[in-house]
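S.K.: sequence plus predicted model, see below.
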Amino acid sequence: MHSSRGASHAEAPPSTGTTIVACTYKGGVVLGADGRVSIGNYIMNRASNKIAPLAEYIFLCRSGSAPDTQVISDNVKHYLDQISAESGEEPSVEMAANLVKLINYNNKDHLVGAMLIAGWDRHGGGQVYGAPIGGTLVKEKWAIDGSGSTYIWGYCDNEYRDDMTREEAEKWVAEAIALAMTRDSSSGGSIRLITLDGTGAHHKYIRGDEVQQFVGDLPFPAAPPASLPLQGGAAGSMVVG
Amino acid sequence: MLPRPTSHSKALGPGVAGPELAVATSAVLDRPPQPGAHLPLSGAAPCAVDPSSLNDPRQHTKYPYVTGTSVLAVKYKDGVLLGCDTLGAYGSTKRYKSTQRLYRVNDKCVVAAGGEISDFQHISNLLDELTTDDYRIDDGIQLTPQQVYSYLCRVMYNRRNKMDPLWNSLVVGGVQPDGSQFLGMVGMIGTHYTDSHVTTGFANQLARPLFRERQRDDMSEEEALNLLYDAMRVCYYRDKVSINKFQVAKVTTAGGVSISEPFALDMRWDYKMFSNPTKWAVGAW
């Protein structure tokens, strides 16, 4: 029996429930995303890749409607391809971000895509842009979006520092996503990180059973329990430690 | 709004603030109690304002707030096993990660619930009242799982008829006095059935095929546990409102009821395709 009275699987569009995070650090940017795609309460994909390449050093984190963001990503990638072929230069992060915004804004009534554009270019270094639903574009030092982001504003506000090192920035992003995943049902699975610093795009994949766990969670064991771990005194108490 | 003692009248049903018997005695007939806002006559929950004194006679179906997800249960050689996770979700938020959704009625019967946790706590109270009566009567007879199941059917169906359901899917499991296993499900509108394996919620879709293929009434405990673990793993992989923290209740003729400590299961995340899904299909996710 279902707890939600909302859309059943048949009616609900596929959505990247999601937590996406991006931040600048001294030398580049780090992007991160969880891996869960759900239709209603059903997890359609538990290890999806929500970070799409727009250019060699520009990536897009996708949240909101899965097909909408896919189509936007494909279109912007194509435009950037064309532009850099004509100009002979690498596309700038600002240009990529503005293209995403144009599509979001001009199709405001139809699209439900909340995205983060982050990348590295020679002129501006590492940059992060937020492109929420509706067509706003905001350049920021760090940005989060997706349903899971609501749970981590406090963490991000409190823990972000200007001029973090690459390790510190990656840890900040991974921990933020893990914290969101532990409370948001629409986020979960594996964590993907991409770091861009001018020397290349460095990918990191954190398996679902290697993600940081918190109080109230149990660590992932290597094998199921050999025998049922029995309670002492099996009276009907509601809360167990 | 004063708390009124609610009786467990077998004539009137649980939670009724009325006389113990449906037939009034002369003392009551001489001075029939008048309803007032603070002293409702019937259908009263303690400390509840009498709904008829508010100017809204309509009843509304409630919405669930804190909910539990699937329950899985199988019969096996020695008895029954019931399993569920320990999450109390608040919509999409994984809010309470240590809620026990298994309730021990007596040493022959366990009730598990998905759906609204507060309604399950209310049902647990009703069952506790019945068990306490059994204890006080002290005749060596206790409620059988079949009786608990029948009782819960009536409770759920009655609430459904009042358009005020208890928002739960209940599983009743245990062993009957003759040693046979019992397993039944009662839904929030009173739908009920008994079977060798029973599931609620997402497990209907995910676990049932596994049970159909592998469950047998004479399976060993080890086989039954492994089947339950495999089914619980699938529920964790594919139900977004679930966590990797489970409890299993075991009811056997010899051993009575034991409910396990919460434990986690190993999960497979080592598929190569997971680490780079876009490698062979650019743009895919």
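M.R.: Arrived safely. Residues are numbered from 1 along each chain as shown, chains lettered A, B, ... in the order given.

S.K.: name the next helix or strand following the helix ranked longest in chain A along the chain.
M.R.: Of all the segments of type helix in chain A, defined by DSSP state H, the longest one is helix A:66-87. Of the helices and strands lying after helix A:66-87 in sequence (DSSP states H and E), the nearest is helix A:93-106.

S.K.: is that following helix positioned near chain B?
M.R.: No. Judged by CB under 8 Å from any CB of the partner chain, helix A:93-106 and chain B are separated, with a smallest distance of 15.7 Å. Placement of C-beta: from N, CA and C, glycine included.

S.K.: following the chain onward from that helix, which element is next?
M.R.: Per DSSP H and E, helix A:93-106 leads on to strand A:113-121 as the next helix or strand towards the C-terminus.

S.K.: quick one: A:Ile133 and A:Asp109 touch, right?
M.R.: No. With contact defined as CB atoms under 8 Å, A:Ile133 does not count as touching A:Asp109 (11.0 Å).

S.K.: higher neighbour count, these two?
M.R.: Higher neighbour count among A:Ile133 and A:Asp109: A:Ile133, with 17 against 6, using other CB atoms under 10 Å in any protein chain shown.

S.K.: all strands of the chain, in order?
M.R.: If you meant another chain, say so; for now it's chain A. A:15-16, A:20-25, A:28-33, A:37-39, A:42-45, A:51-55, A:58-65, A:113-121, A:125-131, A:138-140, A:142-145, A:191-196, A:201-206 (DSSP state E).

S.K.: try again with chain B
M.R.: Counting by DSSP E, the strands of chain B are B:66-68, B:71-75, B:79-85, B:88-90, B:93-96, B:102-106, B:109-116, B:168-175, B:181-186, B:192-194, B:197-200, B:246-252, B:256-259.

S.K.: and the first one, what other elements does it pack with?
M.R.: Right, strand B:66-68. strand B:88-90, strand B:109-116, helix B:117-137 (3 or more CB pairs under 8 Å, 6 or more residues apart in numbering or on different chains; DSSP states H and E).

S.K.: next up, the contacts around A:Leu80.
M.R.: By CB atoms under 8 Å, 6 or more residues apart in numbering or on different chains, A:Leu80 lies in contact with A:Leu54, A:Ala55, A:Ile58, A:Pro91, A:Met95, A:Ala96, A:Leu99.

S.K.: which one of those residues is nearest chain B?
M.R.: A:Leu54 (11.4 Å; CB to the nearest CB).

S.K.: now the stretch 101-250 of chain B against chain A: closest residue?
M.R.: B:Ser169 (3.9 Å).

S.K.: if I read this right, that residue contacts B:Ala113, doesn't it?
M.R.: Yes. Counting by CB under 8 Å, B:Ser169 does reach B:Ala113; the two are 6.9 Å apart.

S.K.: check the contact lists of the two and give me the overlap.
M.R.: B:Val71.

S.K.: CA-only coordinates of the longest helix of chain A in CSV, if you can.
M.R.: Extracted C-alpha coordinates of helix A:66-87, given in CSV (Å, rounded to 0.1, in the frame of the first residue of the first chain):
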residue,chain,number,x,y,z
ALA,A,66,14.9,14.1,-16.5
PRO,A,67,13.9,14.4,-20.1
ASP,A,68,13.7,18.2,-20.0
THR,A,69,17.3,18.5,-18.7
GLN,A,70,18.6,15.9,-21.1
VAL,A,71,17.2,17.8,-24.1
ILE,A,72,18.5,21.1,-22.8
SER,A,73,22.0,19.6,-22.3
ASP,A,74,22.0,18.1,-25.8
ASN,A,75,21.0,21.3,-27.4
VAL,A,76,23.5,23.5,-25.5
LYS,A,77,26.3,21.0,-26.2
HIS,A,78,25.5,21.2,-29.9
TYR,A,79,25.4,25.0,-29.9
LEU,A,80,28.7,25.2,-28.1
ASP,A,81,30.2,22.8,-30.6
GLN,A,82,29.1,25.0,-33.5
ILE,A,83,30.2,28.2,-31.8
SER,A,84,33.7,27.0,-31.0
ALA,A,85,34.0,25.5,-34.5
GLU,A,86,33.2,28.9,-36.0
SER,A,87,35.3,31.0,-33.6
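
S.K.: may I see the buried residues of that helix?
M.R.: A:Ala66, A:Asp68, A:Thr69, A:Gln70, A:Ile72, A:Ser73, A:Val76, A:Lys77, A:Tyr79, A:Leu80, A:Ile83, A:Ser84 (16 or more other CB atoms under 10 Å in any protein chain shown).

S.K.: that one to strand A:58-65, inter-axis angle?
M.R.: Inter-element angle recorded for helix A:66-87 and strand A:58-65: 160 degrees (by axes from the mean of the first three to the mean of the last three CA atoms, to 10 degrees).

S.K.: let me know the angle separating helix A:66-87 from helix A:93-106.
M.R.: If you take the same axes, to 10 degrees, helix A:66-87 sits at 130 degrees to helix A:93-106.

S.K.: and the gap between the residue lying closest to B:Leu170 once chain neighbours are set aside and B:Gln142?
M.R.: Spatial nearest neighbour of B:Leu170, chain neighbours left out: B:Val186 (4.5 Å); criterion: CB to CB, 6 or more residues apart in numbering or on different chains. Per CB to CB, to the nearest Å, B:Val186 is found 20 Å from B:Gln142.

S.K.: show me which of these two is the more surrounded one.
M.R.: Between B:Val186 and B:Gln142, counting by other CB under 10 Å, B:Val186 is the more crowded of the two (29 against 17).

S.K.: show me the contacts for that one.
M.R.: Contacts of B:Val186 by CB under 8 Å, 6+ apart are B:Tyr149, B:Leu152, B:Cys153, B:Met156, B:Ser169, B:Leu170, B:Val172, B:His192.

S.K.: let's see it at 7 Å
M.R.: Applying CB atoms under 7 Å, 6 or more residues apart in numbering or on different chains, we find B:Val186 in contact with B:Tyr149, B:Leu152, B:Cys153, B:Met156, B:Leu170, B:Val172, B:His192.
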